[in-house]
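**Q** coordinates only, no sequence provided:
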């Protein structure tokens, strides 16, 4: 649990206040990825309610369901948990749940108004509503069935959680937003979890890929996954990329929110090229003159433009075929070592921490 913006995480007994309601499932968590979005709560300037149980890259086993006409999951199913969405707004009905009209309220700030309080601490104090409909830094999570995607029980369930957000975002940007293929070139700025997932997806799709980062170890990973690696500090970076990509990349993905790199990315695009941004900008973005000339475009990409129920099975299928080796980015930690995982993540010692709750007898 995170009780304040400055304090470390704590391991506490928390009560799930109700059984699953219609449309909900109770999941025993096998593993939960730690995402930068979880850690960004510390810098949210009071906008994210605390105290809260965080975690939004959970995977586990369904142990109870509340039933209902929209629940196609049963006890014993293995599931990956993704972001929440309302299911009935215009964007949800148009297969764009990442742009749900209620995305911020459901995932970040308060949940559904009609939902009863779910989480209380040992003193009976109500905690913040479920984080991304999950709060999966826990042994169990009570989630809307809409969040959950059934997966093959032969898969390594404890490692699958990051497919619900971080890996989904990077791979989805390539496969959904850009629909990149063998004729395309892609430059990825920032070789963290999202960026390396994009590199793997681009390689699987047959696209030529360049990865840019300031950490040599991350660039070595990018090369292992099929990219040409360039240091972010290289002089004449955009010119080098234009030479490598025969006049400029068709697509670029920025995961850094660095204004200088955003300008480099735009300058490295070919005419009609597109830059996608996945990180939240915290300062005004000043574009250099000419960066948007000749049909170049820039847009924000949320959750990889994904329908999780479609993209997650595609990614697990690529993993089974040896073409999306996301497991090579993961280091596991006991849930009790959550603060060590956060320190390692902040220091760049790990690409994707995954927290493993202590197993309990059912």
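**A** Looks like it arrived, so ask away. It should be emphasised that the depicted structure is a prediction, and the values quoted were computed from it without experimental measurement. Numbers count the residues shown, from 1 in each chain.
**Q** quick check: residue 144 vs residue 200, distance?
**A** 29 Å (CB to CB, to the nearest Å). Any C-beta I mention is one placed from the backbone N, CA and C, and that applies to glycine too.
**Q** who's more crowded, those two?
**A** Neighbour count, other CB atoms under 10 Å: between residue 144 and residue 200, residue 200 has more, with 30 against 26.
**Q** for the helix or strand harbouring the more buried one, which helices and strands make contact with it?
**A** Using DSSP states H and E, residue 200 maps to helix 193-205. Counting contacts by 3 or more CB pairs under 8 Å, 6 or more residues apart in numbering; DSSP states H and E, helix 193-205 is packed against helix 166-172, strand 185-189, strand 208-213, helix 216-224, helix 308-320.
**Q** how about 6 Å then?
**A** helix 166-172, strand 185-189, strand 208-213 (3 or more CB pairs under 6 Å, 6 or more residues apart in numbering; DSSP states H and E).
**Q** and the residue nearest to residue 215 when sequence neighbours are not counted, how many residues sit next to it?
**A** Spatially, and ignoring its direct neighbours in sequence, residue 215 is nearest to residue 348 (5.9 Å; CB to CB, 6 or more residues apart in numbering). Using other CB under 10 Å, residue 348 has 13 neighbouring residues.
**Q** strands of the stretch 1-150 of the chain, start to end?
**A** Assigned by DSSP state E, counting those that start in this stretch, the strands in the stretch 1-150 of the chain fall at 15-16, 24-33, 58-65, 78-81, 119-120, 140-144, 148-151.
**Q** Serialize these to a markdown table and add fields for mean pLDDT.
**A** Output for the strands of the stretch 1-150 of the chain, formatted as a markdown table (pLDDT from 0 to 100):
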| stretch | mean pLDDT |
| --- | --- |
| strand 15-16 | 90 |
| strand 24-33 | 97 |
| strand 58-65 | 97 |
| strand 78-81 | 98 |
| strand 119-120 | 90 |
| strand 140-144 | 94 |
| strand 148-151 | 98 |
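**Q** so which of these gets nearest residue 235?
**A** Closest of the strands of the stretch 1-150 of the chain to residue 235 is strand 24-33, at 36.0 Å (criterion: CB to CB).
**Q** strands of the stretch 201-350 of the chain, start to end?
**A** Going by DSSP E, counting those that start in this stretch, the stretch 201-350 of the chain shows strands at 208-213, 228-231, 249-254, 269-277, 297-300, 330-334.
**Q** residue 159: which of those is closest?
**A** Between these, strand 330-334 lies closest to residue 159; by CB to CB that is 5.6 Å.
**Q** mind listing the strands that closest one pairs with, and their directions?
**A** Strand pairing for strand 330-334, determined by DSSP bridges: strand 352-356 (parallel).
**Q** give me the residues contacting the partner strand.
**A** Strand 352-356 has contacts (CB atoms under 6 Å, 6 or more residues apart in numbering) with 31-34, 158, 162, 193, 329-335, 338, 341, 345.
**Q** please, a PyMOL command that selects the buried ones among those residues?
**A** Restricted to buried positions by 16 or more other CB atoms under 10 Å, the PyMOL selection for those reads:
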select buried, resi 31+32+33+34+158+162+193+329+330+333+335+338+341+345
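**Q** ok so, going back, same list, the helices and strands packed on helix 193-205, but as CSV with mean neighbour count and mean pLDDT please.
**A** Output for the helices and strands packed on helix 193-205, formatted as CSV (neighbours: other CB atoms under 10 Å; pLDDT from 0 to 100):
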stretch, mean neighbour count, mean pLDDT
helix 166-172, 30, 98
strand 185-189, 29, 98
strand 208-213, 26, 98
